[in-house]
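**Student:** Got a predicted model here, sequence first, then my questions.
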Amino acid sequence: MKNRTKSTVVIVGAAAVIFTIVLLGVILIYKYFAPSSEQKDLNSLFKLKKEEVALVIDDKLLEERAKKIDNGIYIPANIAAAYMDKRLYVDTVEKKLCYATSDNVIVAKADAKEYTIGRQSHSVSQPVLKVDSQQFYISFSFIKEHASCYYKEYKNPSRLVIMSDREAKYTFAVLNSDTRVRTGPGKKYAYLTEVPEGGRVFVEKKVKQENEYMSVRTEDGVTGYIPLDSVEKRTEEPWKFEKTPESFEQLSAGETVCLGWHQVMNSTSSAILPNSIEQTKGLNVLSPTWYALSDNSGNFTSLANASYVSQAHAKGLRVWGLINDFKQGLKLSKVLGVTSIRTKLINNLVASAIQHDLDGINVDFEKVTKDNAAAYLQFLRELTLKCHANDLLVSVDNYSPENYNAFYDLQEQGRIVDYVILMAYDEHYSGDDESGSVSSLPFVERGVKNVLAKVPAERMITALPFYTRLWKEVKGRKPKSEPYSMSGAENVVRANNASPKWDEATGQYYAQFKSGGVTCKIWMEEETSLKKKLQVVKKNHCAGVAFWKLGFERAVTWSMIQEQFPLSKTK
């Protein structure tokens with residue numbers, strides 16, 4: 001009996017040992033194959049210091065951080081202006097925030113618990129603008145009142161997710177089940193967060209897939225990895241915004257614009273209309289070059305003349321006085337960037353326009369750089385508001401858009417001013433490294449297309465040349481050129497017994513001849529070439545045309561212009 005009991009004990013013990021071994025094996029196998037259930041603290045991902053707020057903008061985690069100051073969130077001014085609302089302009093000299101709405105300008109001094117709208121003062125519980133460690137910060141509360149971007153605040157850890165790029169397309173993955181976002185490309189990595197079935201994530205394109213996992217960012221800004229088999233479908237699409245950027249109310253000339261620039265050199269010529277005015281047909285706007293910035297204190301020279309305006313009005317012509325920035329030594333960052341100087345310039349310019357009964361201002365600033373572009377745009381906003389309050393139209397001259405001059409921001413201009421003018425000339429200019437056309441047909445076509453991608457057609461005017469350049473080439477030297485009027489170009493070609501031939505590539509007549517050992521080249525600007533350019537303008541339903549400069553054309557030119565581009569009433 002004792003032996004039987006002892007045998008039973010041994011059997012039971014052995015079975016227990018075997019069971020334990022099997023159980024441990026199962027556990028080990030499960031642990032080997034089972035996904036990790038460890039959840040990693042999100043703070044390990046964002047690595048925030050005390051009072052910092054992470055910024056995830058357009059699917060990217062920025063190195064820069066927002067801050068919690070006095071129980072409010074403040075965003076670095078440069079980040080806020082670049083991504084949330086480009087109308088947030090900070091004058092770092094006078095320490096002011098200037099924000100232009102469609103009908104007024106809000107001004108807030110740094111650290112002040114009030115701001116002004118026009119002449120009215122408004123109190124706030126927290127300053128709109130703060131200076132901390134010599135860096136400017138803008139209140140998130142203020143930004144939310146005006147910004148049209150997408151933004152959402154998350155906590156634990158504190159972060160802001162912002163979407164601002166309206167043109168970019170993102171790759172989204174829609175999930176087929178509840179999916180954990182892990183710290184690495186595999187199920188053994190700890191997870192950070194979980195996205196529910198039907199939720200979507202951004203697919204991080206720059207990170208290669210690994211171990212059947214891909215890198216993603218969740219819509220609340222968490223970056224990690226998900227298994228490929230958790231993806232139901234992929235889509236490529238832009239972010240959908242609920243708001244659109246605010247546009248100013250546009251003033252209109254009431255009809256198609258046909259503008260001619262009158263180059264005014266002195267007080268004598270500023271008192272009378274150009275001699276060629278009698279031969280014009282269809283011209284309805286004169287833009288005399290009257291104003292020029294003269295220093296960095298907001299002053300300008302003026303050749304404005306009330307008699308000139310009276311003569312123009314008597315002929316049914318509007319007058320838009322032009323202001324330029326051609327003087328050497330000007331610092332637009334100071335003239336336009338410092339609030340008091342910018343305000344002085346605007347007030348005095350508008351006062352002169354009112355005094356001389358002008359109908360509008362034409363801005364021809366050609367020395368804008370990336371560094372002062374924000375100040376330039378703020379100048380245009382404030383000038384437009386001031387002009388509109390006095391029934392003055394605002395037009396702005398622009399180079400043909402390229403990547404290197406994108407800071408002129410034609411899209412923003414198109415939301416502010418009444419007319420954006422494309423200077424569809426100077427394709428090859430004085431001082432260029434090679435000879436070439438001033439305004440070839442493809443150059444005009446490309447310029448019009450690129451502007452219309454940013455600016456509504458009813459706000460765009462295309463400016464064409466009445467001039468060309470005669471290029472003189474000597475081997476081994478940089479070519480030199482000089483401008484010629486239409487008739488002047490024909491005369492110099494005829495005098496040298498050259499025979500112009502039609503060039504399909506440029507849509508112009510081309511002539512070449514030798515003179516005194518120098519090779520001379522000229523791409524003619526005359527009625528045939530100009531007609532083709534006008535057809536481009538007409539085809540694209542632009543708001544009007546402009547011409548540089550009056551006096552370089554001839555009577556027959558205007559007959560062709562009137563035929564190709566007849567004026568019509570607009571809203």
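**Tutor:** Looks like it arrived, so ask away. Residues are numbered from 1 along each chain as shown.
**Student:** now the closest residue to residue 423 other than its chain neighbours, which residues is it bridged with?
**Tutor:** Leaving aside its sequence neighbours, residue 423 sits nearest to residue 463 (Cβ to Cβ, 6 or more residues apart in numbering; 5.0 Å). Where you see a C-beta, it was placed from the backbone N, CA and C, and this is true even at glycine. With DSSP bridges as the criterion, residue 463 is bridged to residue 423, residue 546.
**Student:** what number of residues lie near residue 201?
**Tutor:** 25 (other Cβ atoms under 10 Å).
**Student:** Correct me if wrong: it contacts residue 170.
**Tutor:** No - Residue 201 lies out of contact with residue 170 (Cβ atoms under 8 Å); the separation is 10.3 Å.
**Student:** which ones are touching residue 261?
**Tutor:** Applying Cβ atoms under 8 Å, 6 or more residues apart in numbering to residue 261 gives the contacts 287-289, 322, 546-550.
**Student:** State the distance from it to residue 443.
**Tutor:** Counting by Cβ to Cβ, to the nearest Å, the gap from residue 261 to residue 443 is 19 Å.
**Student:** Repeat that for residue 362.
**Tutor:** 22 Å.
**Student:** Tally up the residues packed near the residue nearest to residue 423, please.
**Tutor:** 21.
**Student:** Which pLDDT value does the model give it?
**Tutor:** For residue 463, the pLDDT comes out at 98.
**Student:** same thing with the one 10 residues further on?
**Tutor:** At residue 473 the predicted local confidence, pLDDT, stands at 97.
**Student:** And residue 35, by the same measure?
**Tutor:** pLDDT for residue 35: 89.
**Student:** Nearest spatial neighbour of it, chain-adjacent residues omitted?
**Tutor:** Spatial nearest neighbour of residue 35, excluding adjacent residues (Cβ to Cβ, 6+ apart): residue 187 at 3.7 Å.
**Student:** still on that earlier bit, with neighbour numbers in mind, choose between residue 362 and residue 443.
**Tutor:** residue 362 (27 against 21).
**Student:** Pairing partners for that one in the sheet, please.
**Tutor:** Note on residue 362: beta-bridge partners residue 322, residue 395, judged by DSSP bridges.
**Student:** Would you agree it is in contact with residue 319?
**Tutor:** No - counting by Cβ under 8 Å, no contact exists between residue 362 and residue 319, whose distance comes to 9.8 Å.
**Student:** any residues in contact with both of those two?
**Tutor:** residue 287.
**Student:** Name the nearest residue to the one residue sitting closest to the centre of the chain, sequence neighbours excluded.
**Tutor:** Nearest to the mean C-alpha position of the chain, by Cα atoms, centre = their mean, lies residue 409 at 3.0 Å. Setting aside the residues directly before and after it, residue 409 is nearest to residue 377 in space (Cβ to Cβ, 6+ apart), at 6.0 Å.
**Student:** Who are the contact partners of the residue nearest to residue 423?
**Tutor:** 259, 397, 421-425, 545-548.
**Student:** what do you get if the cut-off is 7 Å, keeping everything else the same?
**Tutor:** Applying Cβ atoms under 7 Å, 6 or more residues apart in numbering, we find residue 463 in contact with 421-424, 546-548.
**Student:** what's the pLDDT at the nearest residue to residue 569 once chain neighbours are set aside?
**Tutor:** Residue nearest to residue 569 in three dimensions, not counting chain neighbours: residue 255, with 5.2 Å by Cβ to Cβ, 6+ apart. Here, the pLDDT recorded for residue 255 equals 96.
**Student:** how near is residue 255 to residue 432?
**Tutor:** For residue 255, the distance to residue 432 - Cβ to Cβ - is 37 Å.
**Student:** now residue 213
**Tutor:** 54 Å.
**Student:** what does residue 493 give?
**Tutor:** Taking Cβ to Cβ, one finds residue 493 at 21 Å from residue 432.
**Student:** More neighbours: which of these two?
**Tutor:** Taking other Cβ under 10 Å, residue 493 and residue 432 do not tie; residue 493 has more neighbours (21 against 15).
**Student:** Next secondary structure after the helix or strand containing that one?
**Tutor:** Under the criterion of DSSP states H and E, residue 493 resides in helix 486-495. Beyond helix 486-495 on the C-terminal side, the first helix or strand identified by DSSP H and E is strand 501-503.
**Student:** Need the contact partners of that following strand.
**Tutor:** Residues contacting strand 501-503 (Cβ under 7 Å, 6+ apart): 509-510.
**Student:** Quick check: buried residues in it?
**Tutor:** residue 503 (16 or more other Cβ atoms under 10 Å).
**Student:** Can you mark which positions in the helix or strand where residue 145 lies are buried?
**Tutor:** Residue 145 belongs to helix 140-146 when assigned by DSSP H and E. Neighbour-count burial for helix 140-146, counted by 16+ other Cβ under 10 Å, picks out 140, 142-143.
**Student:** so what does that helix touch, helix or strand wise?
**Tutor:** The helices and strands touching helix 140-146, judged by 3 or more Cβ pairs under 7 Å, 6 or more residues apart in numbering; DSSP states H and E, are strand 72-76.
**Student:** For the strand it packs on, enumerate the helices and strands it packs against.
**Tutor:** strand 66-69, strand 135-139, helix 140-146.
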